[in-house]
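> could you look at this predicted model? Sequence included:
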2 protein chains.
Amino acid sequence: MVKRATIGDVAADAGVSTATVSRVLNGGAVTEATAARVWEAVARLEYTPNALTKGVFAGHSSTIGVVIRDLSSPFYLDLIRGIDEVASANDSLVMLANTFRRVDREVAQVRAMDEQRVRGLIVTTGEATDGRTRRMAENGTPCVIIARSVPDAPPGMHSISLDNVEAGRLMAVHLAGCGRSSVGVVSSGGRMSQIERTAGLRQALADLGLPLPEDAVTAADTEAEVSGAVGRLLMRGRDRGAPLDAIVCTTGRLTVAVHTALTARGIAIPGDIAFVTMDDFPWAAALGITVVAQPSYQMGLKAGELVVDRPSGPAELVFAPTLVARTSCGE
Amino acid sequence: MVKRATIGDVAADAGVSTATVSRVLNGGAVTEATAARVWEAVARLEYTPNALTKGVFAGHSSTIGVVIRDLSSPFYLDLIRGIDEVASANDSLVMLANTFRRVDREVAQVRAMDEQRVRGLIVTTGEATDGRTRRMAENGTPCVIIARSVPDAPPGMHSISLDNVEAGRLMAVHLAGCGRSSVGVVSSGGRMSQIERTAGLRQALADLGLPLPEDAVTAADTEAEVSGAVGRLLMRGRDRGAPLDAIVCTTGRLTVAVHTALTARGIAIPGDIAFVTMDDFPWAAALGITVVAQPSYQMGLKAGELVVDRPSGPAELVFAPTLVARTSCGE
DNA sequence: TGCTGGATTGTAACTAGTTACTGAAACTAG
DNA sequence: CTAGTTTCAGTAACTAGTTACAATCCAGCA
């Protein structure tokens, strides 16, 4: 195993002090002749500076930490692409951690990011990590919470989220415009974003004279639970003599499962039932699925900028969703 | 801005030396009473150890570096999940960098990983980075090259790839079994994996008495080029009086594009043309698309283990593909 | 009471860099 | 020809930890 060259080795090879090498590498006042000798030594020894040591001295590393609940979601993927764009424009790397939707891992990963002294932290975690991110913000590490707003955020603690009520409204207006009147909702658990989307949908439907009763909304936390949820919705419609003519899915994560549950029952989309869901994805166009899309890449870009630009106050950014109309709701 | 507590602050607060604090934190010989006082100080000051400094002393950080060409591919996503699994079981974080398929960014990101003194590096880059990874391996940083084998690898430099010839063979046998005889191939550029898959397909088809002429294989590097490539394939079949009855796509990245190109032309799958592609993905089941899947999660797991376990010699692991038969080839 | 010894704890050197301060040339000006 | 200024490079202190070695403490034993 060959030992890596240190700045001391370079200095010795070039016949100068480590201070001079550091000056050459980081742009201080040095003679051209000296600089040339140092660069030669750097090349000869294949010197690669130690970013850890630089980080120790600077008080923080040059990487941006990102903690994601679910790497398989296309929303998060585009978000990461946006962050990565800003990062590489600023000589930063992105340190990514996946939490697989487990709270204990969220807490552990955020602590790990703190230990790594990341330059900034972008996080899609729940409230369990708020204590730590708050403190990190106070310690001078900008933190960005995605998909959730944070009450009483200190300076340096930002949030980026979607206007979820508007997302629900867009769905309602589109469905009504397609002549649908009996809507069922598959929603995932009790996250605020889910609740807001359903509330926005319900309010807009009510404004259009189409009430959305409580029991027309079912929760499915996992893909396995979706089929049952869809079945319940279908049965309820039949029982009331008002058969379901539209299904809304409030989370992109369950889109495949809902779609599969419908087609597996031989239900035609949009012939029998209209289908709208959240978040655009590569196959949506091929399948003709109408979606309410988040500007995920833009959100990632903004998150990266908040980390890099360090605005003084806390920022609370809300992005507008857009409906991408395809064929899954008829018309 | 509140300054972060250092080990010195903890030592002062607990009335001991920094050495003792270090021993309490890392498990050395200390009295219970001293340990209790130190832990109290740690809690009171909300001390979070600096992983950068630890890394400087250890000679490397505790994070695993991963450089990915294309984060949007489901193959890489599952690979990352596998790596992440091993990482978190070993108190490591994954530092991820995306290169967007650009060689200059590959080189820059691998250098950045070297500067970060990652504990190990897992990479899906091309030959341009081989010089650096070779040297890193010699310096004691295990490197794993994914989807490509490396000639004359030094100890600590490993490769994990798919048996691409077998992947092509699986496709050929399946298509022949479904009664298809006139196959067209959409392939992406000149990467070795693409060439091997096509070669495997051609050999197996030939063994079955079904030659695959050179011009039945078209290259499409980007999604935009796919439609033209498919058109050429279709036209060629018509011209020869042997209309195409199967299309093979040798890269998961272009699956959507090929599928869209076919359906946009009103071609029924499998009615008019059979379709097989590489890499399984969430919508494949819903769409009934037959695929040759890589054990991507397993490959990620293995890559992580190579980094963590540091076997002495260079390892060259080749994984077997499996065909997931659905309905897109008829039968 | 004094000695030996194991268990704790502190001191100081070390990791690989950066930078404030210092000193020595070299150049300019009177 | 000397004084003042600028330029350049080196010394040493600093970042936040770890650890080898030395020092101290108290117990057990003669």
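Received the coordinates, thanks. All of these numbers come straight from a predicted model, not from anything done at the bench.

> the residue in the stretch 51-200 of chain A that DNA strand C sits nearest to - how many residues pack around it?
Nearest residue of the stretch 51-200 of chain A to DNA strand C, counting by CB to the nearest atom of the strand: A:T53, 4.0 Å away. Every residue, glycine included, has its C-beta placed from N, CA and C. For A:T53, the count of nearby residues is 16 (other CB atoms under 10 Å in any protein chain shown).

> ok, and the closest non-adjacent residue to it?
Nearest non-adjacent residue to A:T53, counting by CB to CB, 6 or more residues apart in numbering or on different chains: B:V56, 5.1 Å away.

> quick one: the strands in chain A?
A:64-68, A:94-98, A:120-123, A:143-146, A:157-162, A:183-187, A:217-219, A:246-249, A:274-278, A:290-293, A:316-319, A:322-324 (DSSP state E).

> for the ones you listed, which has the smallest mean pLDDT value?
Out of these, strand A:94-98 stands lowest, with a mean of 89 (criterion: mean pLDDT).

> which residues of chain A lie near DNA strand D?
Selection of chain A residues close to DNA strand D by CB under 7 Å from any atom of the strand yields A:15-20, A:29-31, A:33-34, A:53, A:56-57, A:59.

> distance check, the closest residue in space to A:V118 that isn't next to it in sequence against A:T141.
Of all residues not flanking A:V118 in the chain, A:G65 sits nearest, at 3.6 Å (CB to CB, 6+ apart). According to CB to CB, to the nearest Å, A:G65 and A:T141 sit 9 Å apart.

> overlap in contacts of those two?
A:V118, A:G120, A:L121 (CB atoms under 8 Å, 6 or more residues apart in numbering or on different chains).

> wait, isn't the first one in contact with A:L96?
Just to be clear, that refers to A:V118. No. A:V118 lies out of contact with A:L96 (CB atoms under 8 Å); the separation is 11.2 Å.

> what sits against the residue in the stretch 101-250 of chain A that chain B sits nearest to?
Closest approach between the stretch 101-250 of chain A and chain B, counting by CB to the nearest CB: A:E115, at 4.2 Å. By CB under 8 Å, 6+ apart, the contact set of A:E115 is B:T48, B:P49, B:N50, B:A51.

> which one of those residues is nearest DNA strand D?
Proximity of the contacts of A:E115 to DNA strand D (CB to the nearest atom of the strand) peaks at B:N50, which lies at 3.5 Å.

> what's the burial count for the closest residue to the closest one other than its chain neighbours?
Nearest residue to B:N50 in three dimensions, chain neighbours excluded: A:R117, at 6.0 Å (CB to CB, 6+ apart). Applying other CB under 10 Å, we find 25 residues neighbouring A:R117.

> A:R117: what's it in contact with?
Neighbours of A:R117 in contact, by CB under 8 Å, 6+ apart: A:G55, A:G59, A:H60, A:S61, A:T141, B:N50, B:A51, B:L52.

> list the contacts for the second one?
Remark: with contacts taken as CB under 8 Å, 6+ apart, A:G59 is in contact with A:R117, A:G140.

> any idea how far A:T6 is from it?
21 Å.

> what do you get for the fifth one?
Distance of A:T141 to A:T6, given as CB to CB: 28 Å.

> neighbour count for these two, which is higher?
Neighbours were counted for A:T141 and for A:T6 using other CB under 10 Å; A:T141 has more, 25 against 16.
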